[in-house]
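> Need a 3D model of the following:
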Amino acid sequence: MGILAVQAKALSIQMVNPQFAIQNELPSFISTLTITPFPTSTSTSLPLPSLTLSPGGSSDNVYAFIQAPSGLVERPYVLLTAFAFISRTDSVEIRGFVNSDEFICTNFPCSIFLETSSRFVFRAYSNSGTSSDEVIASVNVIQSQGGYLVNIDSVSQYTKFTDSCSALWGIGDEENAKWDDFVQFPYQLNTRKTLHTLATKLILNGVVDTRDCPFGGLSTGLDWPTTCGLEKASTTITQWQNQYDEYIWLASRDEGIPPKILKTLFEVESQFWPGNSRFYLDEYGLGQINQLGVDVLLRRDPDLYQQVCASVFSDCFTPYLSLTSDQQRLIRGAVINSVDASCPTCPYGINLDKAKQSVDLLSRLMKANCQQVDAILGSEISDANYEDLWRFTLATYHSGMSCFQDAFLATKNKNLPITWENLENELNCMGGKDYVNGYMDNLFSFDYYLYKPGDALSVVALSTIIPTRTPIPTSTVFVSNARIVVQVYLDRNRNGLLDADEGIDAMTVQVSTSDNKQISQRTQNGIAIFDMSGYTPNVGVTVSLPGLYRNEMFVLPQYGDVSISFKFDMPVLPTNLP
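Here you go, the predicted model:
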């Protein structure tokens with residue numbers, strides 16, 4: 001997290017922790033500091049642990065997904081992927097059935113060839129005894145001139161997402177922007193971007209072999225790839241930038257931060273190389289986090305504080321804000337240590353498992369900055385729109401709370417609305433304005449770099465078909481008999497119910513399913529009823545009022561009615577005339 005040089009100097013003097021500082025990576029004035037230990041009469045100080053933070057909202061640890069290739073392929077197939085929020089010492093495999101044939105996948109992505117349209121039922125398993133939810137999918141294969149088209153008609157997985165920052169601010173995305181979409185599958189975050197800093201890191205650390213390139217594939221200053229070096233590294237660059245997508249998706253689901261915002265953060269801060277790139281600011285990991293940022297997080301996330309404190313002190317009844325400055329520094333040091341992926345004994349000097357497991361903490365840090373923006377703006381938050389508020393959040397992440405607060409007060413003192421257009425000119429922090437605008441430019445162009453696999457069977461593992469040991473019963477076709485009952489009304493008496501004469505007629509209601517099917521109806525007496533007979537149970541459903549930015553999401557049951565209400569309140573009228 002980029003911080004002003006003056007802030008970084010003050011922070012380093014006050015907060016540097018000698019238990020994890022690497023002396024030869026710090027300025028000389030820091031390495032000579034002496035910090036007096038605090039008394040340990042009420043708590044016992046322990047060495048900084050090798051702390052692994054579990055995902056905040058995850059109730060399970062293993063996940064499995066199915067994906068169809070893009071475009072025409074010579075032979076029809078699907079890809080199966082599994083991952084786990086656990087150490088790589090635990091292996092993961094997928095077991096299941098395609099029609100009546102049993103299969104197993106032990107490496108990912110795993111391809112399964114198809115002869116015709118098929119039905120899949122599978123789970124992922126780890127050797128620690130955990131398993132994923134069961135996945136049921138229908139795959140359609142169409143022969144076309146020049147090859148086959150493979151489409152996933154339906155899949156039982158559907159994840160409901162709540163934008164935690166939008167909910168906190170009370171301001172939603174009224175523009176229906178694509179950059180804050182929640183994707184239903186991690187592979188929908190895959191990108192293919194040419195990243196020069198990442199290419200340099202890959203070459204310098206031996207991940208990519210460029211010995212046959214002139215000058216080893218790097219410029220004379222060893223800070224930029226040559227054309228040959230970039231060409232050699234291109235495939236690895238794509239693989240490297242997408243290896244965190246499962247963890248980004250998981251953190252997004254659990255913490256309510258849009259996944260494209262998270263992935264863009266890692267691109268902007270570190271280009272996905274989780275090293276310590278800015279030694280003079282003591283910044284670590286994928287998000288280049290430092291102690292000032294961690295302090296904001298610990299103040300805003302008491303659950304994280306308790307989790308970290310238990311690994312450092314024996315007594316954690318004292319809140320973080322009530323600790324002494326030395327005790328707070330030790331807690332911050334433990335958090336920094338949890339995201340510091342540098343590892344001299346690991347391949348390429350990086351602990352990739354640790355980097356991936358830090359993604360959840362970084363999403364919590366982003367949410368803490370959303371909360372910080374909300375606290376600073378107070379009642380002035382209504383001046384800003386959704387995009388403005390995210391820009392403010394990025395400004396606090398990069399330049400710190402004080403810098404943003406000073407800019408806010410300067411804008412307010414000029415009697416200007418608190419919008420980004422007005423506030424950006426008051427940001428006196430070095431690089432703050434350019435950081436935010438550059439970040440948003442990358443975010444706006446995210447979808448231009450989306451990467452989908454084509455006919456890539458040469459680089460994926462193959463499944464193993466297991467001979468049938470017992471007769472397999474014929475698959476049952478699951479269909480729904482449910483209905484969706486939608487009420488749209490103006491709540492004149494403010495009792496929260498649809499009463500007589502409150503229903504809004506001729507209002508268009510749209511039902512969209514996660515397998516890209518849509519139904520529309522107009523309300524009569526404020527009610528629209530959708531018969532979902534024949535649709536696949538467990539498919540994701542979104543009910544919306546097009547153009548009014550109102551929607552509800554749920555998973556379609558097999559039986560029964562699902563009631564959805566869109567309530568509009570009466571406007572508040574003045575009690576006195578002007």
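
> By residue count, what's the longest helix in the chain?
helix 359-377 (DSSP state H).

> Please export the C-alpha coordinates of that helix as PDB.
Extracted as PDB, the C-alpha positions of helix 359-377 are listed here (Å, rounded to 0.1, in the frame of the first residue of the first chain):
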ATOM      1  CA  VAL A 359      -5.900 -12.800  -0.400                       C
ATOM      2  CA  ASP A 360      -8.800 -13.000   2.200                       C
ATOM      3  CA  LEU A 361      -7.000 -10.700   4.600                       C
ATOM      4  CA  LEU A 362      -6.400  -8.200   1.800                       C
ATOM      5  CA  SER A 363     -10.100  -8.200   1.000                       C
ATOM      6  CA  ARG A 364     -10.800  -7.500   4.600                       C
ATOM      7  CA  LEU A 365      -8.400  -4.600   4.500                       C
ATOM      8  CA  MET A 366     -10.200  -3.200   1.500                       C
ATOM      9  CA  LYS A 367     -13.500  -3.500   3.400                       C
ATOM     10  CA  ALA A 368     -11.900  -1.700   6.300                       C
ATOM     11  CA  ASN A 369     -11.000   1.200   4.000                       C
ATOM     12  CA  CYS A 370     -14.700   1.300   2.800                       C
ATOM     13  CA  GLN A 371     -15.700   1.700   6.500                       C
ATOM     14  CA  GLN A 372     -13.100   4.400   7.000                       C
ATOM     15  CA  VAL A 373     -14.500   6.400   4.100                       C
ATOM     16  CA  ASP A 374     -18.000   6.000   5.500                       C
ATOM     17  CA  ALA A 375     -16.800   7.300   8.900                       C
ATOM     18  CA  ILE A 376     -15.000  10.300   7.400                       C
ATOM     19  CA  LEU A 377     -17.700  11.400   5.000                       C
END
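
> Now it: buried residues?
Under the neighbour-count criterion of 16 or more other CB atoms under 10 Å, helix 359-377 has 359-374, 376-377 buried. Quick note: C-beta positions are derived from backbone N, CA and C, even for glycine.

> ditto for stretch 304-319
Buried, per 16+ other CB under 10 Å, within stretch 304-319: L304, Y305, Q307, V308, C309, S311, V312, F313, C316.

> Figure out the length between the terminal residues of that stretch.
Using CA to CA, to the nearest Å, the end-to-end distance of stretch 304-319 comes to 12 Å.

> residues in contact with A310?
By CB atoms under 8 Å, 6 or more residues apart in numbering, A310 lies in contact with C316.

> measure it to F317 for me?
Separation of A310 from F317 (CB to CB, to the nearest Å) stands at 11 Å.

> Check L330 too.
According to CB to CB, L330 and F317 sit 16 Å apart.

> For this structure, which element, helix or strand, carries the lowest mean pLDDT?
Between all helices and strands in the chain, the lowest mean by mean pLDDT, DSSP states H and E belongs to helix 28-31, at a mean of 26.

> Whatever helix or strand comes next after that one pairs with which strands, and in what direction?
The helix or strand immediately downstream of helix 28-31 is strand 62-67, counting by DSSP states H and E. Paired with strand 62-67 in the same sheet, following DSSP bridges, are strand 77-84 (antiparallel).

> Let me see the mean pLDDT of the longest helix of the chain.
Mean pLDDT, computed over helix 359-377, is 94.

> With stretch 109-117 instead?
In the prediction, stretch 109-117 has an average pLDDT of 91.

> One more: stretch 311-327?
90.

> for stretch 382-393, same thing?
Mean per-residue pLDDT for stretch 382-393: 95.

> Ok, stretch 158-168 next?
The pLDDT scores in stretch 158-168 average 92.

> So which bits of it are buried?
For stretch 158-168, burial by neighbour count (16+ other CB under 10 Å) applies to Y158, F161, D163, S164, C165, S166, L168.

> what are the ranges of the helices in the stretch 201-350 of the chain?
227-242, 245-255, 259-270, 291-300, 302-309, 325-339 (DSSP state H, counting those that start in this stretch).

> Make TSV out of the ones you listed and add distance to N127.
Converted to TSV, those look like this (distance: least, CB to CB, whole Å):
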stretch	distance to N127
helix 227-242	25
helix 245-255	19
helix 259-270	29
helix 291-300	33
helix 302-309	26
helix 325-339	25
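
> and R75, which of those is closest to it?
Among these, helix 227-242 comes nearest to R75, with 22.5 Å by CB to CB.

> Check which helix or strand I519 maps to.
Assigned by DSSP H and E, I519 belongs to strand 518-522.

> buried sites along that strand?
So, applying 16+ other CB under 10 Å, buried residues of strand 518-522: I519, Q521.

> chain center to it, what's the gap?
How far strand 518-522 lies from its chain's middle: 32 Å, per CA atoms, centre = their mean, to the nearest Å.

> which residues are in contact with that strand?
Taking CB under 8 Å, 6+ apart as the rule, strand 518-522 contacts D505, A506, M507, T508, V509, Q510, V511, S512, A528, I529, F530.

> doesn't the fifth one fall inside a strand?
Yes: applying DSSP: H, G, I helix; E, B strand; the rest coil, one finds V509 inside a strand.

> Against F161, how distant is it?
21 Å.

> what residue ranges in this structure score low on pLDDT?
Where the chain drops to pLDDT under 70, the residues are 1-60, 86-90, 277-281, 453-463, 467-479, 571-578.

> quick one, what contacts I152?
With CB under 8 Å, 6+ apart, I152 has these contacts: I66, Q67, A68, V78, A137, S138, V139, N140, D515.

> now these: which count as buried?
By 16+ other CB under 10 Å, the contacts of I152 give I66, Q67, A68, V78, A137, S138, V139, N140, D515 as buried.

> mind listing the helices for the stretch 401-550 of the chain?
401-413, 420-423, 432-444.

> need those in a markdown table with mean neighbour count and distance to Y451, can you?
A markdown table is the format used below for the helices of the stretch 401-550 of the chain (neighbours: other CB atoms under 10 Å; distance: least, CB to CB, whole Å):
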| stretch | mean neighbour count | distance to Y451 |
| --- | --- | --- |
| helix 401-413 | 18 | 34 |
| helix 420-423 | 18 | 30 |
| helix 432-444 | 18 | 16 |
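
> Let's have these in JSON lines, adding distance to N337.
JSON lines is the format used below for the helices of the stretch 401-550 of the chain (distance: least, CB to CB, whole Å):
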{"stretch": "helix 401-413", "distance to N337": "23"}
{"stretch": "helix 420-423", "distance to N337": "35"}
{"stretch": "helix 432-444", "distance to N337": "26"}
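
> between the ones you listed, which gets nearest to A124?
Going by CB to CB, the one of the helices of the stretch 401-550 of the chain nearest A124 is helix 432-444, 31.1 Å.

> So what's the gap between the closest one and the chain middle?
Distance, centroid of helix 432-444 to centroid of chain: 18 Å (CA atoms, centre = their mean).

> Go ahead and name everything in contact with that helix.
Helix 432-444 is contacted by residues 2, 179, 260-261, 264-265, 267-268, 387, 390-391, 394-395, 398-399, 403, 420, 424-425, 427 when judged by CB under 8 Å, 6+ apart.

> so what's I257 up against?
I257 touches D163, S164, C165, A251, S363, M366, K367, counting by CB under 8 Å, 6+ apart.

> Mind doing that once more with 6 Å?
By CB atoms under 6 Å, 6 or more residues apart in numbering, the contact list for I257 reads S363, M366, K367.

> quick one: which of the residues you listed is nearest to C110?
For these, the residue nearest C110 by CB to CB is S363; the value is 28.0 Å.

> rewinding a little: any of the contacts of strand 518-522 buried? List them.
The neighbour-count criterion (16+ other CB under 10 Å) marks M507, V509, Q510, V511, S512, A528, F530 among those as buried.

> beta partners of the fifth one?
Read that as S512. If you apply DSSP bridges, the partners that S512 bridges to are Q518, T542.
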